[in-house]
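Asker: structure for this input, please:
(2 chains)
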Amino acid sequence: DIQMTQSPSSLSASVGDRVTITCRASQSITRYLNWYQQKPGKAPKLLIYVVSSLQSGVPSRFSGSGSGTDFTLTISSLQPEDFATYYCQQSYSPPYTFGQGTKLEIK
Amino acid sequence: VQLVESGGGLVQPGGSLRLSCAASGFIFSSYSMHWVRQAPGKGLEWVSYISSSSSTIYYADSVKGRFTISRDNAKNSLHLQMNSLRAEDTAVYYCAMRRDSGSYWYFDLWGRGTLVTVSS
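Answerer: Here you go, the predicted model:
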């Protein structure tokens, strides 16, 4: 099974900060990497697919990069509505594993 | 365009439950579907996958042999039959639609989830 490891597990930041979340796969997943945002009590929401493609309606302050085993999600200037938990997910092979999540909190 | 899960509830260890997911607003028969769960206060865990024609099915090791995924394209519905339930199966269960992008894919549409609690 492919293990997905996110870092950090939690992060405190302020509105306007630039934030980067890292996701590492235990083996190469080429570009089969998606990012989701989840707010408390809500279903996850797709942010970025295939490493760097922004889902329709997602603000351009979100961006993704990487390939192989190392990937990043960057939020260029944090907004109040961005405080949530973020998950990476590999779609390379089953089981289609998620990272453990990164909880982004207000400093 | 939506997915609506139902069938969750409280069940004793060793018991069974059948979850359903009603799809609307899109051509359900054209899309592969998944179940994903989330234990209270924990992260997301992929559970099972079924292709659009039901020809391909996958399960997480944690549920293999106990859970069965199925779909009824005529009724726009997805199901998860859960048997031999354990306390560790307690979670919110989401159905999610897979959207393909070339050879890649992602979870494009999620339901709101249904809570399954396994406890005596």
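Asker: need the residues of chain B near chain A, please.
Answerer: B:34, B:36, B:43-46, B:49, B:58, B:60-61, B:94, B:101, B:104-108, B:110-113 (Cβ under 8 Å from any Cβ of the partner chain). The C-beta positions use only the backbone N, C-alpha and C, and glycine is treated the same way.
Asker: please redo it, this time with the cut-off set to 6 Å
Answerer: B:43-44, B:46, B:58, B:60, B:94, B:101, B:104-106, B:110, B:112 (Cβ under 6 Å from any Cβ of the partner chain).
Asker: you'd agree B:Ser84 is up against B:Gly65?
Answerer: No - with contact defined as Cβ atoms under 6 Å, B:Ser84 does not count as touching B:Gly65 (8.2 Å).
Asker: of the two, who's got more company?
Answerer: Neighbours were counted for B:Ser84 and for B:Gly65 using other Cβ atoms under 10 Å in any protein chain shown; B:Ser84 has more, 13 against 9.
Asker: in chain B, which residue is closest to the centre?
Answerer: Closest residue to the average C-alpha location of chain B: B:Trp35 at 2.6 Å, with Cα atoms, centre = their mean.
Asker: in contact with that residue, which residues?
Answerer: Taking Cβ atoms under 6 Å, 6 or more residues apart in numbering or on different chains as the criterion, B:Trp35 is in contact with B:47-48, B:80, B:95.
Asker: so what's residue 50 up against?
Answerer: Picked chain A for this. A:31, B:101, B:104.
Asker: switch to chain B, that's the one I care about
Answerer: B:Ile50 neighbours (Cβ under 6 Å, 6+ apart): B:33, B:57, B:69, B:71.
Asker: burial measure for the first one, as a count.
Answerer: Each residue near B:Met33 was counted by other Cβ under 10 Å, and the total is 25.
Asker: go on, the last one?
Answerer: The local packing of B:Arg71 (other Cβ under 10 Å) involves 23 other residues.
Asker: name the element it belongs to?
Answerer: Using DSSP states H and E, B:Arg71 sits in strand B:67-72.
Asker: helix or strand right after that strand?
Answerer: strand B:77-82.
Asker: where's the residue nearest to the centre of chain B relative to A:Ala13, distance?
Answerer: 33 Å (Cβ to Cβ, to the nearest Å).
Asker: with A:Asp70 instead?
Answerer: Applying Cβ to Cβ, the value for A:Asp70 to A:Ala13 is 21 Å.
Asker: if you count what's nearby, which of the two comes out ahead?
Answerer: A count of neighbours by other Cβ under 10 Å puts A:Ala13 above the other of A:Asp70 and A:Ala13, at 16 against 13.
Asker: who's that one bridged to?
Answerer: A:Ile106 (DSSP bridges).
Asker: which positions within the longest strand seen in chain B qualify as buried?
Answerer: Criterion DSSP state E: the longest strand present in chain B is strand B:91-101. By neighbour count, with 16 or more other Cβ atoms under 10 Å in any protein chain shown as the criterion, the buried positions of strand B:91-101 are B:91-99.
Asker: could I get these as CSV with pLDDT?
Answerer: Formatted as CSV, the buried residues of strand B:91-101 follow (pLDDT from 0 to 100):
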residue, pLDDT
B:Ala91, 98
B:Val92, 98
B:Tyr93, 98
B:Tyr94, 98
B:Cys95, 98
B:Ala96, 98
B:Met97, 98
B:Arg98, 97
B:Arg99, 95
